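Novice: What follows is a predicted structure for the sequence shown.
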Amino acid sequence: MAKQRISYIPIEKMDAQMREEMQRCQREGTPRPESSAVRAHVPAAFWFFANSWRDLFRGGIAEHALKELCRLYVSRSVQCEYCGNQRSVKATSSGAVIEDHVLDLLNFEKSSRFSDKQKAVLSYAEAIVWHLNTDDAFWERLHRHFSEPELVEIGCMIGLTLGQQSWLRLLNIEHHAVLAGTDASMAPGYESVDKLKTTKAATDYWAKSKPSSADTAV
């Protein structure tokens, strides 16, 4: 197992408000406790993410399931295994995001699994993640499906998760290490330490293949 690069702050060293948020992470995920325990080294960083993620991702005006697709698109693109092995309980419980969708994320334009609206929002994520040039047709497509406030919220959420996932993938943190014992927001096959190890050892484990956007694939 790769060496962890930044330690977890012990729960007992956190103040009451931070412990309450950590317990919410344990119950609900999004985020899971480990990433929050790393951010807890700097309380401002802890609350910056906790509050922004609550307002832009779990809450907000745009459809949550669409934002979850974008979050997972980022995971597959930057190969953040910690983030990519989670699922939003709010999205999956509604039946809006299923594992077949996740498998097709990096090939969303050619996939029959996604609606026009889902493809539009994923094209937004793709353009942000891969620094693609955009034209009038790109923006006309987005404006057919989303209001300007929705585009601002989704764009900020994508930028937030892109930055965080790009950082977290470097840290080699792993699930079931902090406040262990729950499977809140874990993807199928990662619900326990044993299941996680088995899934990650499989030859078809998703992070073993090199990602690319449809526009950069050759």
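Specialist: Yes, it's here.
Novice: Surely residue 81 touches residue 208?
Specialist: No: counting by CB atoms under 8 Å, residue 81 stays clear of residue 208, with 10.2 Å between them. No exception for glycine: its C-beta is placed from N, CA and C like everyone else's.
Novice: So for the two, which residue has more residues nearby?
Specialist: residue 81 (22 against 10; other CB atoms under 10 Å).
Novice: what's stretch 204-214 in contact with?
Specialist: Residues from elsewhere that reach stretch 204-214 (CB atoms under 8 Å, 6 or more residues apart in numbering): 76-79, 81, 84, 106-110, 126, 129-130, 132, 199-200, 218.
Novice: swap in stretch 167-185?
Specialist: Contacts of stretch 167-185 (CB under 8 Å, 6+ apart): 1-6, 8, 11, 22-23, 25-30, 32-38, 78-83, 85-89, 186, 190-193, 196.
Novice: Using CSV, write out the CA atom coordinates for it.
Specialist: The C-alpha coordinates for stretch 167-185 follow below in CSV (Å, rounded to 0.1, in the frame of the first residue of the first chain):
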residue,chain,number,x,y,z
TRP,A,167,-4.8,17.3,-4.5
LEU,A,168,-6.3,14.3,-2.6
ARG,A,169,-5.1,11.8,-5.2
LEU,A,170,-1.5,12.7,-4.2
LEU,A,171,-2.1,12.0,-0.5
ASN,A,172,-2.7,8.2,-0.7
ILE,A,173,-5.5,8.4,1.9
GLU,A,174,-7.9,5.4,2.0
HIS,A,175,-11.4,4.7,3.1
HIS,A,176,-12.4,2.9,6.4
ALA,A,177,-9.4,4.5,8.2
VAL,A,178,-11.2,7.3,10.2
LEU,A,179,-14.5,6.7,12.1
ALA,A,180,-14.6,3.3,10.4
GLY,A,181,-17.5,0.9,10.6
THR,A,182,-20.0,2.4,8.2
ASP,A,183,-20.3,2.2,4.4
ALA,A,184,-22.0,5.6,4.0
SER,A,185,-21.6,6.8,0.4
